[in-house]
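K.L.:
Need the 3D shape of this:
(one chain, ligands or ions: 1)
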Amino acid sequence: MISFENVGMRYGMGGEVLSDITFRLERGSFHFLVGPSGAGKTSLLKLLYLARRPSRGLIHFFDKDLARIEREELPRLRRRIGVVFQDFRLLDHLSAFDNVALPLQIKGAKRIQIADHVEELLSWVGLKDRMHARPATLSGGEKQRVAIARAVINKPDLLVADEPTGNVDPEMAMRLMHLFVELNKIGTTIVIASHDQHLVETIGAPVLSLDKGNMTYLAGGKPRDPDPDETGAQP
Ligand SMILES: Nc1ncnc2c1ncn2[C@@H]1O[C@H](COP(=O)(O)OP(=O)(O)OP(=O)(O)O)[C@@H](O)[C@H]1O
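P.N.:
Residues are numbered from 1 along each chain as shown. Alright, predicted model coming up:
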């Protein structure tokens, strides 16, 4: 579904922050993206959610050559991608409920369906009581859960998440992973950047590993559905 061939990326006139990146994401696959701070994970995710274009190499996106995709076509493609940003990017003037409802409203869903669905999802991520709160009054972990709910509510074709469990406790991290695994089961292709080695090992999905802008290995594995009650504690 998505392939990178010798892709390089730089910011402005700076040096390459990604070099010769080659990999393939099959439709419905689930990968973790790991690597030390500054390795290029967020930069690679930006290419994946079409926020930036590569400075060299070939990217096929939803089986189309990215270089041939017209600028006007990009918003339509972006609507097929759910993104959990590292800094959440919630809309401050909207409640948690309205932030999560937004992708469904844009899609033209009926109000009653939106209400049921948003409530169900916010309850699942433990925010039933905080539904009407504005982002400014939410903790970091609460904001992160709103951001995740907003990214998954639409059942996107591709979900890209940057450290989506960085601000929550191990029990909630497992619960959120369960959400991603369930989404993956119904066909969403998933890429999650994470520093949490325990989580990566517990889920057991294949791993894309970056170091200083180079992809160092692609390890195998099959994502396992975590028990939402699992605490994530080390044995
Ligand atoms: N907007 C930018 N302009 C210029 N350089 C940038 C920009 N964003 C990131 N970089 C540089 O690109 C390199 C890769 O950064 P990136 O944020 O992709 O790494 P990362 O692996 O996601 O790091 P972390 O785990 O700390 O989030 C770093 O050297 C960083 O300084």
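
K.L.:
For Lys12, give me its contacts.
P.N.:
Careful, residue 12 is Gly and not Lys. For Gly12, no contacting residues are found, by CB atoms under 8 Å, 6 or more residues apart in numbering. Quick note: C-beta positions are derived from backbone N, CA and C, even for glycine.

K.L.:
Check the secondary structure at it for me.
P.N.:
coil (DSSP: H, G, I helix; E, B strand; the rest coil).

K.L.:
Close to the ligand: what parts of the chain are there?
P.N.:
Applying CB under 6 Å from any ligand atom, one finds that the chain approaches the ligand through 11, 14, 17, 35, 37-43.

K.L.:
can you give me the strands for the protein?
P.N.:
Counting by DSSP state E, the segments of the chain that form strands are 2-10, 16-25, 30-34, 56-61, 64-65, 81-84, 158-162, 189-193, 207-211, 214-219.

K.L.:
Contacts for the third one, please.
P.N.:
Read it as strand 30-34. Residues outside strand 30-34 that contact it (CB under 8 Å, 6+ apart) are 25, 41, 44-45, 180-181, 184, 189-195, 197, 200, 203, 205-210, 223.

K.L.:
Kindly recompute the last result at 7 Å.
P.N.:
Here strand 30-34 makes contact (CB atoms under 7 Å, 6 or more residues apart in numbering) with 25, 41, 44, 184, 190-194, 200, 205-210, 223.

K.L.:
you'd agree Leu208 is up against Thr22?
P.N.:
No. Contact criterion CB atoms under 7 Å: Leu208 and Thr22 do not qualify, at 10.8 Å.
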